[in-house]
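1. kindly return the folded structure for what I paste below:
(one chain, ligands or ions: 3)
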Amino acid sequence: HTQDFFVSTKPAHGKVGRVPVGIGRRRMRIVVTGGAGFVGSHLVDKLIGRGDEVIVIDNFFTGRKENVVHLFGNPRFELIRHDVVEPVLLEVDQIYHLACPASPVHYKYNPVKTIKTNVMGTLNMLGLAKRVGARFLLTSTSEVYGDPLQHPQKETYWGNVNPIGERSCYDEGKRTAETLTMDYHRGANVEVRIARIFNTYGPRMCLDDGRVVSNFVAQAIRKQPMTVYGDGKQTRSFQYVSDLVDGLVALMEGEHIGPFNLGNPGEFTMLELAEVVKDTIDPSATIEYKPNTADDPHMRKPDISKAKELLNWEPKIPLREGLPLMVNDFRNRILNQDEGKGA
Ligand code: NAD
Ligand code: UDP
Ligand code: UDP
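-> Ligands and ions are numbered 1, 2, ... in the order given. Below is the predicted model:
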């Protein structure tokens with residue numbers, strides 16, 4: 001009982017009044033935008049688990065209440081249906097800004113909305129951080145490197161992005177979000193952190209979001225062929241979601257602004273990924289070739305030496321260990337979906 005303090009609701013001198021939680025740490029009030037999404041919901045679980053108060057802001061474009069429903073009723077959890085393109089007034093200590101569709105299928109669906117979310121949404125959250133003196137973390141992306149001409153990618157690489165292509169709403173949106181973040185830091189002294197996240201997978205990914213891991217896993221479970229785009233020789237490096245969440249928290253709590261690559265350096269061609277899915281789910285799974293999409297990066301692999309050195313972070317779960325951890329979740333949801341259709 002003695003440890004069950006509340007954070008005051010009024011800002012004191014631009015900071016939310018903080019009170020102790022346990023020994024040596026203070027309970028904080030933390031906003032997670034996009035907290036009903038895949039990565040956000042796992043992050044929220046970790047923050048709630050360690051005793052903080054969490055406010056999720058989400059417009060449910062790609063997020064789902066199911067991802068956080070287990071937290072309903074917890075007095076330290078709050079869920080607000082809100083679009084970050086519109087301003088919002090809150091009193092908080094930290095802002096994890098994740099709101100933005102991440103699957104290419106989703107972010108290309110309404111590209112102008114994707115840009116608004118990245119630019120106006122990030123501006124609003126930075127304005128909020130400035131007003132209340134909160135620390136702000138941006139979840140940027142490996143897509144800022146575009147179709148990279150350096151391999152693996154270091155944070156010092158400026159990238160090779162097509163500014164007028166179908167992926168630009170996301171790539172350039174995130175690049176602008178990084179610029180805004182640094183300009184609020186330099187111009188208004190906002191405490192900021194920038195993570196460049198590489199392809200991440202795990203439970204709670206949307207079933208039909210078009211990303212390669214969720215596609216292959218769902219296809220193998222449904223006994224459909226796995227759709228390999230192009231020749232399947234393009235590469236990606238796949239990170240399990242709990243590793244990413246650990247990295248995001250280490251970054252937020254650490255002293256360094258970044259940007260930091262957060263990803264697993266294990267690099268796979270799409271054909272190799274299909275083999276791992278086959279070994280994990282169904283040895284009789286087949287593949288089917290489909291035309292690739294425009295501007296698809298040929299290769300991607302993070303250089304994580306900076307995060308290792310300055311954040312003391314590195315991923316722990318290789319693909320062959322992480323994939324089985326999402327299969328049960330996918331099986332259950334596919335089963336429910338099929339039952340819902342009366343199949
Ligand atoms: P996701 O689509 O599951 O989650 C995004 C969440 O943001 C969803 O809950 C969605 O409803 C919400 N959202 C979108 N637009 C919004 C708006 N205008 N206002 C309020 N909420 C909004 O995606 P994710 O994989 O969880 O990605 C989270 C973040 O991490 C994104 O910013 C993404 O760009 C970044 N990222 C993810 C990956 C990855 O592989 N998962 C890689 C690089 C970067
Ligand atoms: N903003 C917000 N919540 C706040 C403070 C600001 O949503 O608590 C928004 C604000 O509406 C503005 C943006 O953040 O659109 C940038 O705010 P800032 O104060 O930096 O700039 P200004 O309002 O002067 O344009
Ligand atoms: N891809 C694929 N089959 C699919 C979906 C994607 O071969 O069903 C390929 C896609 O062409 C890309 C890679 O997988 O080369 C990763 O795509 P994803 O959409 O997961 O993420 P990206 O890294 O492109 O943002």
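
2. which bits of this structure sit near ligand 2?
-> Selection of the chain residues close to ligand 2 by C-beta under 6 Å from any ligand atom yields Pro87, Val88, Leu89, Leu123, Asn124, Gly127, Leu128, Lys130, Arg131. No exception for glycine: its C-beta is placed from N, CA and C like everyone else's.

3. skip the chain neighbours and tell me the closest residue to the third one.
-> Once flanking residues are discounted, Leu89 sits nearest to Leu128: 7.6 Å by C-beta to C-beta, 6 or more residues apart in numbering.

4. figure out the helix or strand that the nearest residue to Pro315 once chain neighbours are set aside lives in.
-> Once flanking residues are discounted, Pro315 sits nearest to Asp243: 3.7 Å by C-beta to C-beta, 6+ apart. Using DSSP states H and E, Asp243 falls within helix 241-253.

5. what's the answer for Arg320, then?
-> Applying DSSP H and E, one finds Arg320 within helix 319-340.

6. just want the angle from that helix to helix 241-253.
-> 110 degrees (axes from the mean of the first three to the mean of the last three C-alpha atoms, to 10 degrees).

7. could I get the pLDDT score of the nearest residue to Ser142 once chain neighbours are set aside?
-> Leaving out its chain neighbours, the residue that sits closest to Ser142 by C-beta to C-beta, 6+ apart is Phe198, at 4.4 Å. Looking at Phe198, its pLDDT stands at 98.

8. still on that earlier bit, which SSE is the residue nearest to Leu89 in?
-> Per DSSP H and E: helix 122-132 holds Leu128.

9. hmm, who's touching that helix?
-> The contact list for helix 122-132 (C-beta atoms under 8 Å, 6 or more residues apart in numbering) reads 11, 14-16, 31, 33, 84-92, 95, 97, 134-136, 138, 176-177, 180-181, 184, 188, 190-192.

10. coming back round to it: any chance of the residues of the chain next to ligand 2 in JSON lines, with pLDDT and neighbour count too?
-> As requested, those are arranged in JSON lines below (pLDDT from 0 to 100; neighbours: other C-beta atoms under 10 Å):
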{"residue": "Pro87", "pLDDT": "98", "neighbour count": "12"}
{"residue": "Val88", "pLDDT": "98", "neighbour count": "16"}
{"residue": "Leu89", "pLDDT": "97", "neighbour count": "7"}
{"residue": "Leu123", "pLDDT": "98", "neighbour count": "18"}
{"residue": "Asn124", "pLDDT": "98", "neighbour count": "19"}
{"residue": "Gly127", "pLDDT": "98", "neighbour count": "15"}
{"residue": "Leu128", "pLDDT": "98", "neighbour count": "23"}
{"residue": "Lys130", "pLDDT": "98", "neighbour count": "16"}
{"residue": "Arg131", "pLDDT": "98", "neighbour count": "15"}
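
11. would you mind measuring from Tyr170 to ligand 3?
-> 8 Å (C-beta to the nearest ligand atom, to the nearest Å).

12. whoops, I mixed them up, Asp183
-> 26 Å.

13. does that residue count as helix, strand or coil?
-> Three-state call for Asp183 (DSSP: H, G, I helix; E, B strand; the rest coil): helix.

14. how far away is it from Val190?
-> The gap separating Asp183 from Val190 is 9 Å, by C-beta to C-beta, to the nearest Å.

15. look at these two and report which has more neighbours.
-> More neighbours surround Val190 than the other of Asp183 and Val190, with 22 against 13 (other C-beta atoms under 10 Å).

16. pretty sure the more buried one is touching Tyr184, no?
-> Yes. Counting by C-beta atoms under 8 Å, Val190 touches Tyr184, with 4.3 Å between them.

17. between those two, what contacts are shared?
-> Leu126, Ala129, Lys130, Phe136.
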